[in-house]
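Peer 1: Here is a sequence together with a model predicted from it:
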Amino acid sequence: MVNITTYITGGIAAYKAAIVVRNLEKMGHKVRVVMTENAKKFVTSQTFAALTKYPVLDDLWLKSNEAEIPHVHLAKWTELAIVVPASADFIAKMANGIANDAASTTILATSAPKIVIPAMNDNMWENPATKRNISLLMKDGVKVMPPVTGMLAEGYSAKGRMPDPEEIVKYVHDFLQNRQNLVNKKIVITAGGTIEAIDPVRYIGNNSSGKMGIALARAAADAGADVSLIYGNISVELPEDNNIHKIQVTSSEDMLEKVQEEFKSADALIMAAAVADWRMKEVADHKLKKQANQNELQLTLVKTPDILKAVSTQKKDNKIIIGFAAETNNLLENANRKLEEKGADYIVANDVSKDVFGNDEDQVTILQKNAKNQVWPRMSKQKIAQKIIDLLSNQL
Ligand code: CTP
């Protein structure tokens, strides 16, 4: 059970924080509360003092009998800090290290992990300044539980609404469960497609968006791993997280080089990238021009290195290697062959014939040598990533 400090800042959603506090206590956590002056315009500190049986910290200059200054003492006591609801103002203060009241000063003095749960008007949420501040927080390793679309205090439905207390409690619970599993482990994850040049302006690419690999990187970082994310061509945003070291590559040969380098000091590799199978035998050094009356073009392609196979063959120790199999037909037969031929410990097989590229959901089957296949139901790529990381944590 964990010492959780709950920060309540100004916003109509502040009343929901009482349910969050009560449920966290029910789960056995010790909870203390810090409130801003604006939060007290929406809910009273007595509510939270009664719930936690502990005085609410809302004044930086409070006299105390304790030898230590109250906010420093609370910062040290904290094992997890959650800000619920987090106003745009408080997010801005946190992102910029401003400490001018009890709440902002205490959170700045806290080295424990932090979860921020924003709630605000949709225009405030969409404002570039808020977006910039959220991205700064995420870069600093703060977890942000995004607001949902729903009825706002203004009387219309838009994005900015705080998730329900039950969902917040579940998020906190999952965070606490996952965060220790991969501490001190290094995981190499590849994402996106490789690009094989044809000439200076054209290339051979593929439809991979990088979503799965990036979801895996986030899930591994959430579990405390030190992640090397080696990514090619992607069409989604890269994660901002201190635990994720991002390495951009272009071709399959670049990717092989970086994977081999990073894998030396790693505990596991997950090859979620869509690596091109063919590259130009010779890349033209000038733009290929059409000739008069030319109706066909023949390109001579040669095989690219099979990264998964190469690394699996060289693998020593108890390192774990997970590959993917993207198939449009004979899913299990082809995936099984890849498990055998490539020497991976696991293959995550998915049918890419319909609606997978760029989609948020997928359905996969996990293949492992000498074990029964696990058919997972259709779920979000984020959820699949979490389950793959759980599987990896159990093995490591
Ligand atoms: N892979 C790799 N290097 C390659 C090709 C694929 O490391 N040159 C990896 C992928 O990252 C994935 C696994 O091998 O983890 C299977 O990739 P997939 O595209 O499904 O299969 P291919 O090996 O390309 O085989 P095929 O084209 O016959 O489907």
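Peer 2: In hand now; what should we look at? Numbers count the residues shown, from 1 in each chain.

Peer 1: Spell out, range by range, the helices that occur in the chain.
Peer 2: Per DSSP state H, the chain carries helices over the ranges 17-26, 45-52, 70-77, 88-96, 102-108, 122-126, 128-139, 165-178, 211-222, 252-263, 307-314, 331-342, 381-395.

Peer 1: Could you tell me the model confidence score at residue 180?
Peer 2: Note for residue 180: predicted pLDDT of 75.

Peer 1: Repeat that for the one 5 residues further on.
Peer 2: pLDDT for residue 185: 96.

Peer 1: Correct me if wrong: it contacts residue 226.
Peer 2: Yes: counting by Cβ atoms under 8 Å, residue 185 touches residue 226, with 7.1 Å between them. C-beta coordinates here come from the backbone N, C-alpha and C atoms, glycine included.

Peer 1: Overlap of the contact sets of these two?
Peer 2: When Cβ atoms under 8 Å, 6 or more residues apart in numbering defines a contact, no residue borders residue 185 and residue 226 alike.

Peer 1: Mind splitting the protein into its structural domains?
Peer 2: Segmentation of the chain into domains, based on automatic domain parsing, reads 3-178, 186-395.

Peer 1: circling back to that earlier point, want to throw the helices of the chain into JSON lines with distance to residue 192?
Peer 2: Shown next, in JSON lines, are those (distance: least, Cβ to Cβ, whole Å):
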{"stretch": "helix 17-26", "distance to residue 192": "37"}
{"stretch": "helix 45-52", "distance to residue 192": "46"}
{"stretch": "helix 70-77", "distance to residue 192": "40"}
{"stretch": "helix 88-96", "distance to residue 192": "28"}
{"stretch": "helix 102-108", "distance to residue 192": "35"}
{"stretch": "helix 122-126", "distance to residue 192": "27"}
{"stretch": "helix 128-139", "distance to residue 192": "20"}
{"stretch": "helix 165-178", "distance to residue 192": "24"}
{"stretch": "helix 211-222", "distance to residue 192": "6"}
{"stretch": "helix 252-263", "distance to residue 192": "10"}
{"stretch": "helix 307-314", "distance to residue 192": "13"}
{"stretch": "helix 331-342", "distance to residue 192": "19"}
{"stretch": "helix 381-395", "distance to residue 192": "13"}
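
Peer 1: distance between the ends of stretch 138-147?
Peer 2: End-to-end distance of stretch 138-147 (Cα to Cα, to the nearest Å): 15 Å.

Peer 1: What's the mean pLDDT across that stretch?
Peer 2: Mean pLDDT, computed over stretch 138-147, is 88.

Peer 1: Go ahead and measure how far that stretch is from the middle of the chain.
Peer 2: Offset of stretch 138-147 from its chain centre (Cα atoms, centre = their mean, to the nearest Å): 9 Å.

Peer 1: And stretch 208-225, by the same measure?
Peer 2: A distance of 5 Å separates the centroid of the chain from that of stretch 208-225, by Cα atoms, centre = their mean.

Peer 1: and the ligand, which of the domains of the chain is closest to it?
Peer 2: With Cβ to the nearest ligand atom as the criterion, the ligand lies closest to domain 186-395 of these, at 3.3 Å.

Peer 1: So the closest one, near the ligand or not?
Peer 2: Yes: Domain 186-395 is in contact with the ligand by Cβ under 6 Å from any ligand atom, via 252, 271, 273-275, 277, 304, 306-308, 323-326, 338, 342.

Peer 1: And stretch 166-178, what's buried?
Peer 2: By 16 or more other Cβ atoms under 10 Å, the buried positions in stretch 166-178 come out as 168, 169, 171, 172, 175, 176, 178.

Peer 1: cool, and stretch 71-80?
Peer 2: 71, 73, 74, 75, 78, 80.

Peer 1: for stretch 22-34, same thing?
Peer 2: The neighbour-count check on stretch 22-34 (16+ other Cβ under 10 Å) flags 23, 24, 29, 31, 32, 33, 34 as buried.

Peer 1: Can I get those in CSV including distance to residue 361?
Peer 2: Shown next, in CSV, are the buried residues of stretch 22-34 (distance: Cβ to Cβ, whole Å):
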residue, distance to residue 361
23, 29
24, 30
29, 33
31, 35
32, 39
33, 38
34, 39
